[in-house]
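Chemist: predicted model and sequence follow; I will ask about them next.
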Amino acid sequence: MVVLVWRFVLLLSAVVGGISGLPFRKAADGEEVSDYVVAFKPEYVVTKILEQVSRQFDLLKRPPRVDYVYDHVLNGLGLSDVNSETLEWLEKQDYVAYVDESHMLTADSNPCITVSPTSRQNYNNQLNWGLDRITERAPTNSYSFDPSGTGSGTFIYVMDSGVRCSHVQFDDTTGRCDDDFFKYSGAPNYDDSVGHGTQVAGVAAADDLGAAPAAIIKNVKIADSSGASELQIVAGLNAIVADVTAYNRSNNCVIVISYSGAHLTSLNTSITNATDEDCVIVSSAGNGDSVVPVYPAGYSVTNTKVIAVGNTNKQDKRHCASNHGSWVNIYAPGSNIYTPHKSDDNDIVKVKGTSFSAAITGGGAAIVLQEAGVDASNLRQKLIDRASLNYITLLPAGTNSHNRLLYVGAV
């Protein structure tokens with residue numbers, strides 16, 4: 001369990017690792033920006049200069065609040081309540097490599113419809129067509145799910161709004177769903193107050209409705225109803241890498257991020273350092289019907305351990321809102337998918353969006369990681385090599401979009 005109760009100065013931990021710097025960037029004109037990721041130069045380890053930094057902070061008229069110390073994926077701090085005086089002061093410090101304004105990343109999903117538990121049909125019959133589709137080459141609507149594995153021995157870190165691990169679909173009595181792994185600073189609890197995180201976890205690894213029902217689910221709560229800030233995402237990644245390194249979970253680590261936004265240096269650095277620990281990032285391509293990359297999925301262009309996923313429907317059509325283009329590695333079912341919801345332990349909802357295409361691909365990644373000879377370095381290529389080809393329609397011409405549909409059935 002990772003608990004964040006940050007008080008300025010008193011609870012800072014060791015910082016290791018390096019960063020690549022960019023010039024200091026101030027807030028945009030007219031925009032009030034108060035949260036920043038402050039990346040330190042590699043030669044300045046935070047713990048060695050912490051006392052000096054804290055004394056200087058205390059001299060400012062409005063000291064910033066230290067929400068996070070990044071000691072695995074970044075060498076730096078996550079600060080909030082930063083005013084112009086602090087920005088100017090930070091700019092002059094020799095140990096600061098760069099400062100990133102923390103923007104909000106939004107969930108890549110559409111509104112969902114709750115299904116009454118009394119009206120649900122058999123889980124293994126016709127609720128989740130997506131599971132059927134990813135284990136057959138041509139669509140048959142047989143509603144059978146015959147994957148090559150179950151995800152046993154793998155860990156799916158769901159970076160989202162929280163997970164209702166007590167839901168019957170997560171079999172929480174076995175400890176398969178770790179509900180108190182991480183929560184962002186200021187979150188009142190680990191609960192899912194939005195629903196999105198429980199839904200993503202369900203599509204990835206619910207007992208009956210998920211792709212990898214034997215994978216361990218880690219609740220990485222980095223978002224609320226407003227979205228996820230970069231401060232929170234970097235902090236979640238930091239906690240994941242700490243867990244992976246402490247318990248030797250490299251090459252058994254799948255991180256599902258169903259949020260998207262703009263490129264930031266600190267986000268890219270954190271993603272890179274997470275994948276350097278042999279975690280695979282499965283990220284939603286976004287719902288903008290665009291060829292322009294969104295991030296972190298867009299890091300798939302330069303990082304082979306990042307998998308960008310687009311959305312298809314039951315007719316193998318690209319969903320009209322799904323982003324596309326050469327940077328999207330693979331497509332997967334993500335329209336009208338049934339999954340657990342946060343309202344109570346029996347609720348099921350119908351959802352759509354690239355969020356859930358990423359989730360089912362995250363489960364598929366956990367399945368394939370079980371196979372001999374597969375690890376983080378070749379997992380993405382394995383999924384590409386075995387994808388069902390040329391079934392997807394409505395991929396816009398001239399966009400170099402890959403016609404690859406996720407497949408994790410028998411090979």
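Modeler: Yep, that arrived.

Chemist: contacts and neighbour counts: CA atoms only from here.
Modeler: Will do.

Chemist: in this protein, which residue is closest to the centre?
Modeler: Taking CA atoms, centre = their mean, the centroid of the chain lies closest to residue 257, which sits 1.6 Å from it.

Chemist: may I ask which helix or strand of the protein has the lowest mean pLDDT?
Modeler: Of all helical and strand segments in the chain, the minimum by mean pLDDT, DSSP states H and E falls on strand 113-115, at a mean of 56.

Chemist: any low-confidence regions in the chain?
Modeler: The model of the chain has pLDDT under 70 over residues 1-33, 110-127, 172-173.

Chemist: mind listing the helices for it?
Modeler: Along the chain, counting by DSSP state H, helices occupy 46-59, 84-91, 129-133, 196-205, 230-246, 265-276, 354-369, 379-386.

Chemist: so which of these gets nearest residue 327?
Modeler: Nearest to residue 327, of all the helices of the chain, is helix 379-386, at 12.9 Å by CA to CA.

Chemist: in the closest one, what counts as buried?
Modeler: Neighbour counts over helix 379-386 (16 or more other CA atoms under 10 Å) mark 379-381, 383-384, 386 as buried.

Chemist: do the same with stretch 318-325
Modeler: Quick answer for stretch 318-325 (16+ other CA under 10 Å): 318-319, 321-325.

Chemist: next one: stretch 102-110
Modeler: The neighbour-count check on stretch 102-110 (16+ other CA under 10 Å) flags 102-109 as buried.

Chemist: same thing with stretch 293-305?
Modeler: By neighbour count with 16+ other CA under 10 Å, stretch 293-305 contains the buried residues 293-300, 303-305.

Chemist: about what we covered before: nearest to residue 86, of the buried residues of helix 379-386?
Modeler: Nearest to residue 86 among the buried residues of helix 379-386: residue 380, at 42.5 Å, using CA to CA.

Chemist: residue contacts, that closest one?
Modeler: Counting by CA atoms under 8 Å, 6 or more residues apart in numbering, residue 380 makes contact with 304-307.

Chemist: so which of those belong to strands?
Modeler: If you go by DSSP state E, those have 306-307 in strands.

Chemist: among the contacts of residue 380, which two are most distant?
Modeler: Once CA to CA is applied, these give 304 and 307 as the farthest pair, at 7.5 Å.

Chemist: hmm, back to that, any chance of JSON lines for the buried residues of helix 379-386, columns distance to residue 151?
Modeler: Shown next, in JSON lines, are the buried residues of helix 379-386 (distance: CA to CA, whole Å):
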{"residue": "379", "distance to residue 151": "14"}
{"residue": "380", "distance to residue 151": "16"}
{"residue": "381", "distance to residue 151": "18"}
{"residue": "383", "distance to residue 151": "15"}
{"residue": "384", "distance to residue 151": "18"}
{"residue": "386", "distance to residue 151": "17"}
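
Chemist: for residue 360, state which of those residues is nearest.
Modeler: Distances from residue 360 to those, taken by CA to CA, are shortest for residue 383, at 12.6 Å.

Chemist: from residue 183, how far out is the closest one?
Modeler: Residue 383 sits 31 Å away from residue 183, taking CA to CA, to the nearest Å as the criterion.

Chemist: so who does residue 278 touch?
Modeler: 250-251, 253, 305, 375-377.

Chemist: any chance of those in JSON lines with distance to residue 224 as columns?
Modeler: What follows is those, written out as JSON lines (distance: CA to CA, whole Å):
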{"residue": "250", "distance to residue 224": "28"}
{"residue": "251", "distance to residue 224": "29"}
{"residue": "253", "distance to residue 224": "24"}
{"residue": "305", "distance to residue 224": "27"}
{"residue": "375", "distance to residue 224": "32"}
{"residue": "376", "distance to residue 224": "30"}
{"residue": "377", "distance to residue 224": "32"}
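
Chemist: returning to that earlier point: nearest to residue 339, of the buried residues of stretch 318-325?
Modeler: Closest approach to residue 339 among the buried residues of stretch 318-325 (CA to CA): residue 319, at 18.7 Å.

Chemist: these two touch, right, the closest one and residue 332?
Modeler: No. Residue 319 lies out of contact with residue 332 (CA atoms under 8 Å); the separation is 10.3 Å.

Chemist: mutual contacts of the two, please.
Modeler: In contact with both residue 319 and residue 332: 311-312, using CA under 8 Å, 6+ apart.
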